[in-house]
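# Output the structure for:
(one chain, ligands or ions: 3)
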Amino acid sequence: MLRIYAYAPGREGDPDFQRLLRRAEADIAATEEAVRAILEDVRLRGDAALLEFTRRFDGVSLPGGRIRADEGEIAAQAERLRRERPDVCEAIDAAAANIRRHHERQLPPPISWGEVVPGVFAGEKVTPIPSVALYVPRGKGSFPSVLLMLAVPAQVAGVPKIAVFTPPNAEGTLDPAVAYAAEVLGIREVYKVGGAQAVAAAAFGTESVPRFPKILGPGNRYVTQAKRLLYGSIDPGLPAGPSEALILVDASARPDWVARDLLVEAEHGPESAALLVTPSRKLVEAVAELLPELVESLPEPRRSFVRNVFAAYGGAVLTPDLETAFAFADLYAPEHLLLHVSDPMAAVFRLQNAGEILVGPHTTIPLGNFVVGVNAILPTGGAARWSSGVSVHDFLKRTSLAYVTPEGLRALGPHAVAFANVEGFPAHLEAVRVRLQEGNKG
Ligand SMILES: NC(=O)c1ccc[n+]([C@@H]2O[C@H](COP(=O)([O-])OP(=O)(O)OC[C@H]3O[C@@H](n4cnc5c(N)ncnc54)[C@H](O)[C@@H]3O)[C@@H](O)[C@H]2O)c1
Ligand SMILES: N[C@H](CO)Cc1c[nH]c[nH+]1
Ligand SMILES: [Zn+2]
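Residues are numbered from 1 along each chain as shown. Ligands and ions are numbered 1, 2, ... in the order given. Below you'll find the model as predicted:
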């Protein structure tokens with residue numbers, strides 16, 4: 001089940017490594033035509049298209065044709081969770097507090113200034129974006145944690161209008177855990193629509209859904225494709241597609257823990273990726289021996305998802321040494337990177353490209369997914385080379401501030417005049433020249 005790929009620098013062009021490095025890209029690309037048709041239909045027919053796609057893809061007719069969940073529904077579903085799963089309510093409360101604490105530390109001051117040269121001050125004013133659509137998936141699982149990871153930083157940033165888009169469950173109602181998370185955060189605007197059609201609704205607006213300037217949140221290949229195609233109509237934020245993990249280990253790691261860690265993101269869906277990267281053949285062999293039984297013990301459909309992952313985008317990458325394992329991890333740029341090496345803190349300094357680095361054998365991926373407080377909505381498909389996980393900065397914009405005193409004008413004015421000359425802008429030049437002249441008179 002665990003295919004072994006021998007890696008050495010220069011082998012990344014081999015077909016096997018090309019496939020591993022591209023992971024779900026081919027699946028996402030294959031949806032383009034179908035997703036284009038969905039987006040166009042929502043643009044033209046609004047709510048009618050949303051209701052039809054919800055019937056077709058989620059297998060449910062929304063009661064009364066109502067796309068927005070009313071406050072009674074949010075309260076009733078949240079109450080159901082309180083009654084049936086107080087342990088889950090407690091976990092959501094604890095996670096929300098940790099996520100808030102971590103993200104509050106990211107908040108920059110509302111206004112900051114610094115003196116660039118005497119009499120010249122440059123600064124920044126930070127303000128929240130006016131509104132945001134948050135996409136909370138619900139195809140192959142319930143994702144209250146995703147709602148927390150998106151909504152808490154949006155609240156910390158001070159976004160005044162926060163709306164949630166999420167597919168309905170089989171009864172056409174809200175997922176109880178998502179409803180509970182929305183209620184405790186005070187979020188009242190929830191639309192029961194998912195997939196590409198939800199992204200289209202947020203971008204174009206419909207009779208029941210207003211337009212939003214930005215949508216954030218992870219999703220499957222349809223959601224990811226829709227965000228790509230709608231770039232320009234809506235800011236789609238980071239590319240957060242099918243989940244993926246790279247477990248980087250040396251001979252000091254415990255094979256039974258590593259085998260379990262490999263399954264974590266693989267069980268999300270057939271498009272996920274899971275790689276074990278190590279210079280230790282002994283460890284690979286030990287993990288390979290444990291894996292089949294662990295996979296068999298999973299319930300369906302998770303078992304099939306994992307089998308699919310190990311046939312397509314999973315496996316073990318065997319490197320000549322630990323340094324090459326680090327180099328491969330940087331090349332791959334995983335969403336989640338878990339380090340089981342003898343000096344994991346030193347490895348943190350060495351590594352550059354990952355959505356998150358989980359340090360040491362006790363920091364298993366689900367802790368980061370759910371409760372540590374770091375954000376689990378992270379870039380996938382290699383985008384961690386240039387992009388970052390969700391943070392308060394996704395919900396803020398910056399306005400530059402400049403203040404120049406007469407002393408500063410005397411220092412910088414002649415340089416501005418020189419620029420205006422070389423760039424050929426006489427009005428720019430004059431605006432500076434008259435002020436310099438005025439100053440010389442005084
Ligand atoms: N990168 C991250 O930070 C992160 C975090 C959490 C989850 N994820 C990923 O998010 C994804 C969640 O996927 P999901 O499927 O569970 O939920 P989802 O909400 O993304 O997708 C469900 C929707 O897909 C649409 N759909 C299903 N079949 C379709 C078809 N044939 N044609 C058109 N549309 C169709 C339906 O509208 C449905 O509502 C997983 O891949 C998971 O790995 C990523
Ligand atoms: N692994 C996901 C991010 O890729 C986060 C998550 C939420 N629930 C379970 N997992
Ligand atoms: Zn996960």
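
# Only C-alpha atoms from now on, for both contacts and neighbour counts.
Fine.

# Up against ligand 2, what does the stretch 151-300 of the chain have?
Ser243, Glu265 (Cα under 6 Å from any ligand atom).

# Can you name the residues of the stretch 151-300 of the chain that neighbour ligand 1?
Counting by Cα under 6 Å from any ligand atom, the stretch 151-300 of the chain sits next to ligand 1 at 167, 194-195, 218-220, 222-223, 240-243, 268-269, 272.

# which two from those end up farthest apart in space?
Pro167 and Ser272 (20.3 Å; Cα to Cα).

# Comparing those two, which residue is more hemmed in?
Ser272 (27 against 24; other Cα atoms under 10 Å).

# Let me see the contact set for the closest residue to ligand 2 within the chain.
Of all residues in the chain, Ser243 sits closest to ligand 2, at 4.0 Å by Cα to the nearest ligand atom. By Cα atoms under 8 Å, 6 or more residues apart in numbering, Ser243 lies in contact with Glu265, Ala266, His268, Glu271, Ser272, Ala273, Glu335, Thr380.

# Could you rerun that using 6 Å?
Glu265, Ser272 (Cα atoms under 6 Å, 6 or more residues apart in numbering).

# mind showing which ranges of the stretch 201-350 of the chain have poor pLDDT?
Applying pLDDT under 70 to the stretch 201-350 of the chain flags no residue at all.

# Mind jotting down where the helices sit in it?
221-229, 255-266, 281-296, 302-312, 322-332, 344-350 (DSSP state H, counting those that start in this stretch).

# helix, strand or coil for Asn421?
Three-state assignment for Asn421 (DSSP: H, G, I helix; E, B strand; the rest coil): helix.

# Not counting its neighbours along the chain, what's nearest it?
Excluding the flanking residues, the one nearest Asn421 by Cα to Cα, 6 or more residues apart in numbering is Leu429, at 7.0 Å.

# helix, strand or coil for Ala384?
helix.

# How many residues are close by it?
There are 25 residues near Ala384, going by other Cα under 10 Å.

# What confidence value was assigned to it?
For Ala384, the pLDDT comes out at 97.

# so it touches Leu331, yeah?
No - using Cα atoms under 6 Å, Ala384 is not in contact with Leu331, being 10.0 Å away.

# for His102, phi and psi?
phi -70, psi -40 (degrees, to the nearest 10).

# what number of residues lie near it?
So His102, with other Cα under 10 Å, has 16 neighbours.

# excluding its backbone neighbours, what's nearest it?
With Cα to Cα, 6+ apart, the residue lying closest to His102 is Gly373, at 5.7 Å.

# give the contact list for the nearest residue to Tyr222 once chain neighbours are set aside.
Among residues not flanking Tyr222 along the chain, Ala196 sits closest, at 5.4 Å (Cα to Cα, 6+ apart). Residues in contact with Ala196 (Cα under 6 Å, 6+ apart) are Tyr222, Val223, Ala226.

# okay, these in CSV with neighbour count next?
Below are the contacts of Ala196 laid out as CSV (neighbours: other Cα atoms under 10 Å):
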residue, neighbour count
Tyr222, 24
Val223, 25
Ala226, 25
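
# Let me know the closest of these to Leu150.
Val223 (16.1 Å).

# That closest one reaches Gly195, doesn't it?
Yes - when contacts are counted by Cα under 6 Å, Val223 is listed as touching Gly195 (5.1 Å).

# Let me see the backbone angles for the residue nearest to Asn421.
According to degrees, to the nearest 10, Leu429 has phi -60, psi -50.

# try Arg66
According to degrees, to the nearest 10, Arg66 has phi -90, psi 120.

# and it, how far is that from ligand 1?
Distance, Arg66 to ligand 1, using Cα to the nearest ligand atom, to the nearest Å: 16 Å.

# Need the contact partners of the strand or helix carrying Ala133.
Assigned by DSSP states H and E, Ala133 falls within strand 131-135. Strand 131-135 is contacted by residues Lys161, Ile162, Ala163, Val164, Phe165, Phe212, Lys214, Ile215, Leu216, Gly217 when judged by Cα under 6 Å, 6+ apart.

# neighbouring strands for the helix or strand where the third one lies, and are they parallel or not?
Ala163 is part of strand 161-165, with elements assigned from DSSP H and E. When pairing is defined by DSSP bridges, strand 161-165 lines up against strand 131-135 (parallel), strand 189-191 (parallel).

# Excluding chain neighbours, give the residue nearest to Thr399 in space.
Lys125 (5.0 Å).

# actually Arg410, sorry about that
Per Cα to Cα, 6+ apart, closest to Arg410 is Leu436, 6.6 Å.

# quick check, the one you found in a helix?
Yes - according to three-state DSSP, Leu436 belongs to a helix.
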